[in-house]
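Undergrad: Kindly return the folded structure for what I paste below:
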Amino acid sequence: MQAMAPSDRRGPRVVVVGVYLDPLRRVPRESQAGWRDFGRAAAAAGRQGARVTIVQAAWQDDASEIDGVACHFVREERPLLCLPGGRSLRRPPHRLFERIALLSPEVIHFDGLVLPQVLRGLARELPSVPILAQDHGTKVPRGWRRWYWRWGFAPLAGVTFTARAQAEAFKTTGILRRDLPVFEVIEGSSPFVPGDQTSARAATGLDGDPCLLWIGNLDSNKDPLMVLEAVERATAIPNARLHMCFRHAPLLDDVRARAASPRLAGRVVLHGEIGYPDIEAYLRAADFLVQASHVEGSGYSLIEALACATTPLVTDIPSFRRITGEGEFGALVPVGNASVLARALETWSLRDRAELRRRAREHFDRRLSFDAIGRQLLFAYEQTRRLP
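TA: Below you'll find the predicted structure:
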């Protein structure tokens with residue numbers, strides 16, 4: 001067999017571009033301290049063979065590392081154009097473009113399906129470099145913005161979504177062209193690990209048989225009232241207890257009223273906000289994570305649950321389907337269907353929970369860890385580099 005040329009054995013030279021400006025205008029090191037996993041998946045792609053550098057828009061010039069990958073923070077002299085009424089627009093980030101060009105990328109990883117005018121400008125500055133954009137739960141815009149986004153994202157060579165099905169709405173509305181390659185890449189991962197469940201319950205106060213955990217806002221998209229109805233209907237598990245952790249809570253009064261009903265009284269505990277990384281102990285303590293979202297770009301709480309060896313029982317939406325391995329490692333129920341979720345709560349509670357925990361963590365290691373995402377990104381980078 002003919003040996004490959006040295007250049008063929010080297011991974012693609014990739015620049016990951018972050019265009020968000022910290023709204024709090026913190027210095028780069030402070031802003032970076034608040035990142036949960038930006039850059040870590042790309043760094044994992046570097047461990048798989050890609051040659052990765054990160055370039056991030058910032059309020060000050062600086063440089064640091066993320067898991068051994070160089071990160072350049074680049075400041076613009078006047079990044080915003082102020083408009084009447086307090087609104088502002090991003091000016092073209094020319095210094096950011098210049099820094100990217102100096103790194104001679106073979107692929108640009110544009111972090112976020114956002115700021116179409118910036119992406120269009122970047123493509124104009126580096127017309128020979130393919131751009132791969134990574135979605136982070138972007139909603140399809142309406143009205144004239146569709147035309148604007150179609151214009152801005154026209155130069156894309158590829159796009160990643162947690163699940164391929166999520167791209168369909170963007171293609172149907174013409175925002176992304178029909179023939180644009182779509183790669184499935186999990187949006188993020190977690191450093192959480194399993195721990196002793198008994199110790200975690202003692203530390204958090206969680207209880208129940210089974211112990212059910214909710215992590216998410218109390219809003220109509222997350223649909224907490226559907227979960228409460230399901231717990232109420234699940235009469236075969238009378239000792240189940242639902243522990244609800246949340247930050248924003250527009251439906252808090254409705255949730256409190258429903259939780260106080262005769263069939264739920266004493267079975268629902270409202271914990272409020274639990275900070276990161278303290279939520280790790282709550283996930284270790286739970287038997288199941290329960291979610292009822294109608295739409296999600298990804299599913300960080302599901303990923304964190306599986307990292308802690310906790311099985312998710314969730315709605316059947318594209319991102320959750322992908323994260324649970326098409327329902328092999330967690331229940332998938334129709335959106336809004338409390339009776340089916342109630343049956344799932346009952347049937348999954350009868351399974352060997354130690355075996356469920358073992359399989360949950362194995363699935364995380366194979367498909368959802370940073371190294372797994374690094375492999376997914378490397379494949380997307382290599383395919384994008386080869387596109388004409």
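
Undergrad: Roughly how far does residue 118 sit from residue 101?
TA: 15 Å (Cβ to Cβ, to the nearest Å). Quick note: C-beta positions are derived from backbone N, CA and C, even for glycine.

Undergrad: Looking at those two now, which is surrounded by more residues?
TA: residue 118 (21 against 14; other Cβ atoms under 10 Å).

Undergrad: that's a strand at the more buried one, yeah?
TA: No - going by DSSP: H, G, I helix; E, B strand; the rest coil, the assignment for residue 118 is helix, not a strand.

Undergrad: and the closest residue to it other than its chain neighbours, what does it touch?
TA: With Cβ to Cβ, 6 or more residues apart in numbering as the criterion, residue 118 has its nearest non-adjacent residue at 5.3 Å, and that residue is residue 19. For residue 19, the contact set (Cβ atoms under 8 Å, 6 or more residues apart in numbering) comprises 57, 90, 93, 96, 110-112, 114-115, 118.

Undergrad: Please report how far residue 81 lies from residue 98.
TA: 20 Å.

Undergrad: Ok, residue 163 next?
TA: Going from residue 163 to residue 98 by Cβ to Cβ gives 36 Å.

Undergrad: now swap in residue 252 and tell me
TA: Distance from residue 252 to residue 98, by Cβ to Cβ: 49 Å.

Undergrad: These two: which has the busier surroundings?
TA: Legend: neighbour count by other Cβ under 10 Å for residue 252 and residue 98, higher for residue 252 (17 against 11).

Undergrad: Confirm for me that that one is in contact with residue 218.
TA: Yes - under the criterion of Cβ atoms under 8 Å, residue 252 makes contact with residue 218 at 5.5 Å.

Undergrad: Pull out the buried residues from stretch 124-141.
TA: The neighbour-count check on stretch 124-141 (16 or more other Cβ atoms under 10 Å) flags 126, 129-138 as buried.

Undergrad: Just put those in JSON lines and tack on pLDDT, distance to residue 86 and secondary structure.
TA: As requested, those are exported to JSON lines (pLDDT from 0 to 100; distance: Cβ to Cβ, whole Å; DSSP: H, G, I helix; E, B strand; the rest coil):
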{"residue": "126", "pLDDT": "98", "distance to residue 86": "33", "secondary structure": "coil"}
{"residue": "129", "pLDDT": "98", "distance to residue 86": "36", "secondary structure": "coil"}
{"residue": "130", "pLDDT": "98", "distance to residue 86": "37", "secondary structure": "coil"}
{"residue": "131", "pLDDT": "98", "distance to residue 86": "32", "secondary structure": "strand"}
{"residue": "132", "pLDDT": "98", "distance to residue 86": "34", "secondary structure": "strand"}
{"residue": "133", "pLDDT": "98", "distance to residue 86": "29", "secondary structure": "strand"}
{"residue": "134", "pLDDT": "96", "distance to residue 86": "30", "secondary structure": "strand"}
{"residue": "135", "pLDDT": "96", "distance to residue 86": "29", "secondary structure": "coil"}
{"residue": "136", "pLDDT": "93", "distance to residue 86": "26", "secondary structure": "coil"}
{"residue": "137", "pLDDT": "92", "distance to residue 86": "26", "secondary structure": "coil"}
{"residue": "138", "pLDDT": "94", "distance to residue 86": "24", "secondary structure": "coil"}
